[in-house]
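no sequence on this one, just coordinates:
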């Protein structure tokens, strides 16, 4: 696969993001180092980590050892719920940079709105300051629902470039995605394979067989054709490579209809109003 096979999506601040990347949730530090090294060798140029994952150092070691120029790899990290607040977010970001071993990240996100804390507005203002200082190129949010976004847009100055949320065939979140689209906020999908639970779905198995691909490849392809950024996670080298090999086929309108019909509202992650 050529490295230019992965398209980039332009963000509302003029930067762009590779549409397909590697997520490293629930991967320990040492395993993250091995996994990221494998992914970079396979051709990935987009890595998504977070303070909460406890593996920023491993991701950073693999990035440093790869020999790739810093600007060749798109790097995202996130501030965790217990670090929300203006000053604590600034401190958390400094620590993330130190662990990653970089001077700048491409994207810094609020991991969850954590509404019971009611700190996401001042947390986002810290992100705005970090962006002004040039230490992150873009800022955004993760797991924000429409009401969180409406308040954020009304009380802060910089429109987030991305809202990273759970999107998979059982939970397609069309209304939230449409809200973002109307405001030039890109939707990025975490857990696109429903933590593996969706891979034995009979409709998806039949669709994958039709195209001679794996179920995971078919589902990732659906995300791409929806215009989403997608960050599947795997620690298995063959699957890491397989998840990137999704640019040699295309789903047709009937295929899209099959997947659209699977939307049931079933989450594999937590509801954002119930976290933090």
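On my side now, so go ahead. Just so it is clear, the model here is predicted, and its values are computed rather than measured. Numbering: from 1, shown residues only.

for residue 14, phi and psi?
Per-residue torsions, residue 14: phi 100, psi -10 (degrees, to the nearest 10).

And the helices in the protein, which stretches?
29-42, 56-65, 86-100, 120-132, 146-155, 174-182, 202-211, 215-225, 237-244, 253-260 (DSSP state H).

and those helices as TSV, adding mean neighbour count and mean pLDDT?
Quick note: C-beta positions are derived from backbone N, CA and C, even for glycine. Listed next are these as TSV, based on neighbours: other Cβ atoms under 10 Å; pLDDT from 0 to 100:
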stretch	mean neighbour count	mean pLDDT
helix 29-42	19	97
helix 56-65	22	98
helix 86-100	18	98
helix 120-132	19	98
helix 146-155	15	98
helix 174-182	14	98
helix 202-211	16	97
helix 215-225	23	98
helix 237-244	18	97
helix 253-260	15	97
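
Dump these to a markdown table, plus distance to residue 17.
Below are those laid out as a markdown table (distance: least, Cβ to Cβ, whole Å):
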| stretch | distance to residue 17 |
| --- | --- |
| helix 29-42 | 16 |
| helix 56-65 | 17 |
| helix 86-100 | 17 |
| helix 120-132 | 15 |
| helix 146-155 | 19 |
| helix 174-182 | 14 |
| helix 202-211 | 26 |
| helix 215-225 | 13 |
| helix 237-244 | 16 |
| helix 253-260 | 23 |
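
So which of these is nearest residue 165?
Smallest distance to residue 165 across those (Cβ to Cβ): 6.6 Å, for helix 174-182.

From the rest of the structure, what touches the closest one?
By Cβ atoms under 8 Å, 6 or more residues apart in numbering, the residues outside helix 174-182 that reach it are 145, 146, 149, 163, 165, 167, 185, 186, 187, 228, 263.

beta partners for residue 78?
Residue 78 forms beta bridges with residue 109, as assigned by DSSP bridges.

That one: how many residues sit nearby?
Around residue 78 there are 27 other residues, counting by other Cβ atoms under 10 Å.

these two touch, right, it and residue 24?
No: in this structure residue 78 lies outside contact range of residue 24 using Cβ atoms under 8 Å: 11.7 Å.

Show me whatever sits in contact with both of those two.
Joint contacts of residue 78 and residue 24 (Cβ under 8 Å, 6+ apart) are residue 49.

Thank you kindly, that will do.
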